[in-house]
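Chemist: Please find the sequence and the predicted model below.
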Amino acid sequence: MPGVLTHCPYCSLQCGMTVTPRPESAGGGHDVEGADFPTNRGGLCEKGLSSTELLGHPDRLTTPLVRDSRDEPFREATWDEALDRVAAGLTAAQQRYGRDAAGLFGGGGLTNEKAYQAGKFVRVALRSAAIDYNGRFCMSSAANAGIRAFGIDRGMPFPLADIARADTVLLVGSNPADTMPPAMRWFAAGRERGAQHIVVDPRYTATAVAADVHLQPVPGTDLALANGLLHLAVKHRLVDAAYVRDRTTGWDAVRRAVRQYWPDRVERITGVPVKVMERTVRMLAASRATMILSARGAEQHAKGSDTALAWINLALALGLPGRPYSGWATVTGQGNGQGGREHGQKADQLPGYRMLADPAAREHVAGVWGLDPDELPQPGVSAYEMLDRLGTDGGVRALMVMASNVVVSAPNAAHVRRRLRDLDFLVVSDLFLSETAELADVVLPCAQWAEEEGTMTNVEGRVIRRRQAAQAPEGVRSDLAVLADVAARLGRGEFFSDDPRTVFDELRRASSGGKADYTGISYERIEAERGVFWPCPDDAHAGTPRLFRERFATPDGRARFHVVHHRAAAEEPDDEYPYRLTTGRTRAHYQSGTQTRRTKALLDAEPESVVEIHPDLAARLGLADGADLQLRTRRGSARMRARLTTTIRSDTVFAPFHWGGEQTANALTNPALDPASRMPEFKVCAVALEAVPGTTTTGEEPAA
Ligand SMILES: Nc1nc2c(c(=O)[nH]1)N[C@H]1C(S)=C(S)[C@@H](COP(=O)(O)OP(=O)(O)OC[C@H]3O[C@@H](n4cnc5c(=O)[nH]c(N)nc54)[C@H](O)[C@@H]3O)O[C@H]1N2
Ligand SMILES: Nc1nc2c(c(=O)[nH]1)N[C@H]1C(S)=C(S)[C@@H](COP(=O)(O)OP(=O)(O)OC[C@H]3O[C@@H](n4cnc5c(=O)[nH]c(N)nc54)[C@H](O)[C@@H]3O)O[C@H]1N2
Ligand code: SF4
Ligand SMILES: [Mo]
């Protein structure tokens, strides 16, 4: 049987890959090979290369699991019984506490079709306001900033390959060498042409190693840094006055505001030397093609959206957005992180990036759905707020979790676990018994990426086809069918289909005229054109690889400056919790680790959670390399092995969040939310560190 061209199950690069079944005589299973797709050009990282191991994995769930009470073990059930229980659980909560007592928590890994169906299911089948998703923990700050400044949220307003054509690239809080390894080819190609790269990260990451300049700020100070760079741009007359005049509004107020960010002050806040800031701003202004790329390091803060706006201000003042091989972009994370935020999984949103509170949007989407607009609920609350209120007055009592492992990945995870336990009813759809699924009343085994059809929208805004390349095991079903079947049990079956193409065609109509317009994108076109970039408002439209050439998506076509000011992190170090903790990713593991901790090569590469700590700090604590470290914050504690490394600031430790149990980094993190985006402060909190007695320490007494 020939191989099938599909895409990786993991990150937003959505590398093209060919999946080929191995003959039974060779033991069965599937081979995987990088395909010559425009983003990865044959490259795959170790996660993509090992992804087919999950298809026939022995831990795979292949039958629904149910139980009558949480103290009992699960027992296997038929799909009919499981789905009856789901419908009954959701209905009982709604009858007792009102419609909004049943809800859904979705994921940015779901296909466009599933994300769309999930949003519609909650609004139409449950008629509830209670839906949000893990993208709130990922892209919400950058999305909020993009909408406010440019009038639209497409993470990258240009194709990935444009990176190779930029003369200067600044990455702030982005580590693609580990988080999107095949994308590094475009950076490397730029550097071969003589491009200069700058990395802003509290760690000297693999990405920073490959760059020319590394700025190593205190976590949570990127906003001050951006304002400081803009101050210097004004001082040295590097602002593009003609661009500011012709293409933007709001500059004067920003120019005045950044006067307070004189270099010495910014050095004191950020720890970045004035000389390095001077060099950076001159590099950014000197080239004709300059990009500023943002990611989670800058955005996952209680001031993440203002921080993104500060870097956008800098980009606008230098005249970058809309210029060839220039601009500001945010590097989306999850497989369908972009599409997942366009079709109604977000509490305040309808398909096509329409807003639920907007009467015209309600009217259009209700029309496509065949409903009266008044039947649609109003916006609900954001992801962490929903989790924080589970099982309480006014909160959700019966929850469906689809494609997220919140017990590991949500902030303040021990609290989230308690809240999940307080639910009347929890149903989790997953491929494996994740830490969250372990708490459920009903577990639904779902099909995975290579076993079904659908579309994804990659990091560039290119809509691509995920093709079926393997047979799903007997007993598993697609989320699309699950939602349609539960809707039918709720008496709303006529509104739902379980066929991806049918759902996608409806999504196209629902998106028509919206910001994320998919009207002209069909499965056939995606096939023929190797993906189509949205917006694509009709069949004759070529799609839009590059935005902002002529105008921005604001009513007057101009980009908007915003006055934004530095403020301290929600929690700063003190006597009791003297250090800063930041969190993020390692190369081998993906997110909550449900998939990659079950993959042999990846587990061998990184068998446990390791916290990075500077040797100077380790010496103060009497800690040797490899020692067990207890980390404590106001929320909880976690235990991880220490790795001594000079690549991190000596006042900060870094922990990955890929692990559960006592290694759960999110037991530590601060759920302080950004007021505009409702993003939690994953990237900085105050932490206390102690060597676990009896493990490998230096034997020295810790310094007083
Ligand atoms: N291997 C792997 N790849 C992945 C994923 C994965 O789980 N594993 N997940 C995917 C997803 S969903 C996402 S969202 C992307 C995320 O991709 P990235 O944003 O590249 O990943 P992170 O490791 O979360 O954060 C990036 C960097 O931010 C730095 N940082 C921490 N605090 C600060 C700060 O205050 N300021 C600045 N400037 N930097 C800071 C960290 O040291 C880290 O190196 O990766 C995607 N790719
Ligand atoms: N401390 C800290 N916490 C973080 C972050 C951080 O940087 N630091 N980053 C945040 C970010 S950016 C993100 S994106 C989140 C991600 O965190 P999660 O939302 O937990 O993401 P995953 O681990 O990808 O969870 C996906 C789950 O769904 C399952 N799954 C995969 N495909 C499907 C499918 O098609 N259907 C169904 N039903 N299930 C499926 C997988 O097996 C897995 O259990 O974590 C956030 N949490
Ligand atoms: S970079 Fe992302 S999409 Fe590409 S193979 Fe690795 S995990 Fe998969
Ligand atoms: Mo993410």
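Modeler: That came through fine. Numbers count the residues shown, from 1 in each chain. Ligands and ions are numbered 1, 2, ... in the order given.
Chemist: Close to ligand 4: what parts of the stretch 101-250 of the chain are there?
Modeler: Counting by C-beta under 5 Å from the ion, the stretch 101-250 of the chain comes close to ligand 4 at Cys138. All C-beta spots, glycine's among them, are computed from the backbone N, C-alpha and C.
Chemist: Please, which helix or strand holds Leu225?
Modeler: In this structure, Leu225 sits in helix 222-235 according to DSSP states H and E.
Chemist: Do that helix and ligand 1 come into contact?
Modeler: Yes - part of helix 222-235 sits near ligand 1 under the criterion C-beta under 6 Å from any ligand atom, namely Asp222.
Chemist: Which residues are in contact with the most centrally placed residue in the chain?
Modeler: Centre of the chain computed as the mean C-alpha position; nearest residue by C-alpha atoms, centre = their mean is Cys138, 3.2 Å away. By C-beta atoms under 8 Å, 6 or more residues apart in numbering, the contact set of Cys138 is 108, 296, 332-334, 337.
Chemist: mind checking the SS state of Ala129?
Modeler: coil (DSSP: H, G, I helix; E, B strand; the rest coil).
Chemist: Is there a neighbour count for it? I'd like the number.
Modeler: A count of neighbours around Ala129, defined by other C-beta atoms under 10 Å, yields 21.
Chemist: Moving C-terminal from the helix holding Leu225, which element do we reach first?
Modeler: Taking DSSP H and E, what comes next after helix 222-235 is helix 241-247.
Chemist: On the pLDDT front, check the residue of the stretch 301-450 of the chain found nearest ligand 1 for me.
Modeler: Closest approach between the stretch 301-450 of the chain and ligand 1, counting by C-beta to the nearest ligand atom: Gly333, at 2.1 Å. At Gly333, the pLDDT value in this model is 97.
Chemist: Which positions in stretch 564-580 come out as buried?
Modeler: Judged by neighbour count using 16 or more other C-beta atoms under 10 Å, the buried positions of stretch 564-580 are 564, 566, 569-571, 573, 577, 579-580.
Chemist: Show the end-to-end separation of that stretch, please.
Modeler: For stretch 564-580, the first-to-last residue distance is 24 Å (C-alpha to C-alpha, to the nearest Å).
Chemist: chain center to it: distance?
Modeler: Offset of stretch 564-580 from its chain centre (C-alpha atoms, centre = their mean, to the nearest Å): 24 Å.
Chemist: Tell me the spatial nearest neighbour of the residue in the stretch 501-650 of the chain that ligand 4 sits nearest to, not counting adjacent residues.
Modeler: Going by C-beta to the ion, ligand 4 is nearest to Gln591 of the stretch 501-650 of the chain, at 7.2 Å. Sequence neighbours aside, Ser409 is the residue nearest to Gln591 in space, at 6.2 Å (criterion: C-beta to C-beta, 6 or more residues apart in numbering).
Chemist: Repeat that for Arg597.
Modeler: Using C-beta to C-beta, 6+ apart, the nearest residue to Arg597 is Leu603, at 6.0 Å.
Chemist: Quick one: classify the one you found as helix, strand or coil.
Modeler: Secondary structure of Leu603, per three-state DSSP, is helix.
Chemist: Can you give me the distance of it to ligand 3?
Modeler: 16 Å (C-beta to the nearest ligand atom, to the nearest Å).
Chemist: That residue contacts Gly593, doesn't it?
Modeler: No - assessed by C-beta atoms under 8 Å, Leu603 is found out of contact with Gly593, at 9.3 Å.
Chemist: What degree of burial does the residue nearest to Gly173 when sequence neighbours are not counted show, as a neighbour count?
Modeler: With C-beta to C-beta, 6+ apart as the criterion, Gly173 has its nearest non-adjacent residue at 2.1 Å, and that residue is Gly297. Neighbours of Gly297 under the rule other C-beta under 10 Å: 29.
Chemist: wait, does the helix or strand where Gly297 lies contact ligand 2?
Modeler: Element membership for Gly297, per DSSP H and E: helix 296-299. Yes - on the criterion C-beta under 6 Å from any ligand atom, helix 296-299 is in touch with ligand 2 at Arg296.
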